[in-house]
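A.B. asks: next comes the sequence, and after it the predicted model I'd like to discuss.
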Amino acid sequence: MENKNYVKNRPRVVNLGCRLNFFESEIIKDILVSKKINNTIVVNTCAVTNSAVSKSINEIKKVSKKFPNSKIIVTGCASQIDKKKFRNLPNVSKIIDNKVKTESNSYTLSKDNQFNKYKFPNFNNLISTRTRATLQIQQGCDHRCTFCIIPFGRGDAVSLPLGDVNKRLRNIISLGYKEVTFTGIDLTSYGSDLPGKPNLGNLIKRVLLDNPNLSRLRLSSIDPAEIDNELLDLMCYEKRLLPHFHLSIQSGDNLILKRMKRRHNREDVIRVCKKIKKLRQEVTFGADLIVGFPTESEIHFSNTLELVKSCSLSNVHIFPFSPKENTPASKMPQVDEYKKKKRIAKLRITCDEVLQKLMQEKKGKKIKVLFESTNLSYTDDFFKVKVENSSNKRLKKGEIIEVKVLSNNEKFLKAIV
């Protein structure tokens, strides 16, 4: 049991933003604990929207007020883009460069850390009880979408070479993980900076060949413009690649996609989804979608609604457009905030209808689940599921179990084992 002094002095990490930030925050937490860096709070900031930046600032002010005797260290995209703003916040003692925020000596040196070369986090000392592991294999982005500030916070694209991927993957598997997710800022650009320019599909083939005991692999967000034939074949036929793919779509209208400076159109997305679904029926799709991009009309927005229905997008992350200073989109004619809110509400209803339909189709079926808890586990195709253990069999966290779906509510499947 923790004593009061330890609870008071223990290091803390406040995470904001994307899945990659969460992964990095877990690494940071492990560094603070293993190095016994107490009385320290690290705030891992996000810059994806103006709201995310404001929330980052508010979190720093909040922890400064609640823990006045603790040292506050700030890192992440928001502080990377505007160091001066964050350095001047109360009790902030240090800004750590995004490139080295998962390096242990970044938290033991006294000055701000600023480096040109990105350091991929090392798993050697990471111990976790999570059932799924995340392995970052790519960082940064070479593209310049008109709405996006993230390349200025993360830098240009950098890839982890195959040898390092395999080494870290074997370490993860040795810790008992059954499932691994490959993640990155622009995951599908993997290899563009490496000798020979190996693509993501080639990496996956090699990794699965070199690691026969890796039975479950997921991918984080995929750019439709970068799905080549090699990756598409894997998505269609490779059973060890789990049947849920999250696509960075952003809009279902071709004119808006062009103004966003995206490199795909709606027909590309429909073609990919239809082909995969035809060859691998169990596949489901998620997506990132932006609502209220400058100049978006009701007709443009209706094309996004139709794309959600046409591709049965069941796990959708919806973002209201937020103009980021110094991006081209911030200088375009903006959409009224009231219209944005109405469209978001309408899009949520459409996405919920698709989700409900897909969940209802599972009633009575037997499906596989990576068991985490009876209150929240995930199916192979990434539906949330609550598991009733009617047999009183001891269910082990991280175990692959087969369950029978009984029913569903708005967000969960209800199943029995």
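C.D. replies: Sure thing, it's come through.
A.B. asks: alpha carbons only for contacts and neighbour counts from here, please
C.D. replies: Noted.
A.B. asks: for the protein, what's the longest helix?
C.D. replies: helix 337-360 (DSSP state H).
A.B. asks: average pLDDT across it?
C.D. replies: For helix 337-360, mean pLDDT rounds to 97.
A.B. asks: the helices in this protein, which residues?
C.D. replies: 4-9, 19-34, 50-66, 77-81, 83-87, 150-154, 162-174, 200-210, 229-237, 254-260, 266-279, 298-310, 337-360.
A.B. asks: and those helices, which one is worst for confidence?
C.D. replies: helix 4-9 has the lowest average pLDDT among the helices of the chain, namely a mean of 49.
A.B. asks: how many other residues sit next to residue 374?
C.D. replies: Other residues within reach of residue 374, judged by other C-alpha atoms under 10 Å, total 16.
A.B. asks: circling back to that earlier point, now the longest helix of the chain against helix 298-310, angle please.
C.D. replies: Inter-element angle recorded for helix 337-360 and helix 298-310: 10 degrees (by axes from the mean of the first three to the mean of the last three C-alpha atoms, to 10 degrees).
A.B. asks: and the contacts of helix 337-360?
C.D. replies: 291-292, 301, 305, 308-309, 312-316, 318, 320, 383, 407-408, 410, 413 (C-alpha atoms under 8 Å, 6 or more residues apart in numbering).
A.B. asks: and it, which residues are buried?
C.D. replies: 340, 343-344, 347, 350-356, 358-359 (16 or more other C-alpha atoms under 10 Å).
A.B. asks: need the residues you listed in a markdown table with distance to residue 10, can you?
C.D. replies: Listed next are the buried residues of helix 337-360 as a markdown table, based on distance: C-alpha to C-alpha, whole Å:
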| residue | distance to residue 10 |
| --- | --- |
| 340 | 42 |
| 343 | 44 |
| 344 | 40 |
| 347 | 42 |
| 350 | 44 |
| 351 | 41 |
| 352 | 41 |
| 353 | 44 |
| 354 | 44 |
| 355 | 41 |
| 356 | 43 |
| 358 | 44 |
| 359 | 42 |
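A.B. asks: and of those residues, the nearest to residue 279?
C.D. replies: Using C-alpha to C-alpha, residue 358 is the member of those that sits closest to residue 279, with 17.9 Å.
A.B. asks: before we move on, back to that, of the contacts of helix 337-360, which belong to strands?
C.D. replies: Members of the contacts of helix 337-360 lying in strands (criterion: DSSP state E): 291, 313-316, 318, 320, 407-408, 413.
A.B. asks: pull stretch 299-319 out as CSV, backbone CA atoms only.
C.D. replies: Written as CSV, here are the backbone C-alpha positions of stretch 299-319 (Å, rounded to 0.1, in the frame of the first residue of the first chain):
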residue,chain,number,x,y,z
ILE,A,299,-23.6,19.7,-50.6
HIS,A,300,-19.9,19.1,-49.7
PHE,A,301,-21.0,17.9,-46.2
SER,A,302,-23.7,15.6,-47.6
ASN,A,303,-20.9,13.8,-49.7
THR,A,304,-19.1,13.1,-46.4
LEU,A,305,-22.4,11.6,-45.0
GLU,A,306,-22.8,9.4,-48.1
LEU,A,307,-19.2,8.2,-47.8
VAL,A,308,-19.8,7.1,-44.2
LYS,A,309,-22.8,5.0,-45.4
SER,A,310,-21.2,3.7,-48.6
CYS,A,311,-18.0,2.5,-46.8
SER,A,312,-19.8,1.5,-43.5
LEU,A,313,-17.4,3.5,-41.4
SER,A,314,-18.1,2.3,-37.9
ASN,A,315,-15.3,3.8,-35.7
VAL,A,316,-15.2,7.5,-36.7
HIS,A,317,-13.2,10.3,-35.0
ILE,A,318,-14.9,13.5,-35.7
PHE,A,319,-13.0,16.8,-35.6
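A.B. asks: how does the protein divide into domains?
C.D. replies: 4-107, 132-360, 366-416 (automatic domain parsing).
A.B. asks: now distance to residue 120 too, for those, in a markdown table please.
C.D. replies: Shown next, in a markdown table, are the domains of the chain (distance: least, C-alpha to C-alpha, whole Å):
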| stretch | distance to residue 120 |
| --- | --- |
| domain 4-107 | 7 |
| domain 132-360 | 7 |
| domain 366-416 | 26 |
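A.B. asks: low-confidence stretches in the stretch 101-250 of the chain?
C.D. replies: 109-119, 121-130 (pLDDT under 70).
A.B. asks: how about the strands in it?
C.D. replies: 132-136, 138-139, 158-159, 179-183, 217-219, 244-250 (DSSP state E, counting those that start in this stretch).
A.B. asks: number of nearby residues for residue 219?
C.D. replies: Using other C-alpha under 10 Å, residue 219 is surrounded by 21 other residues.
A.B. asks: ditto for the one 4 residues further on
C.D. replies: Counted with other C-alpha under 10 Å, the neighbours of residue 223 add up to 18.
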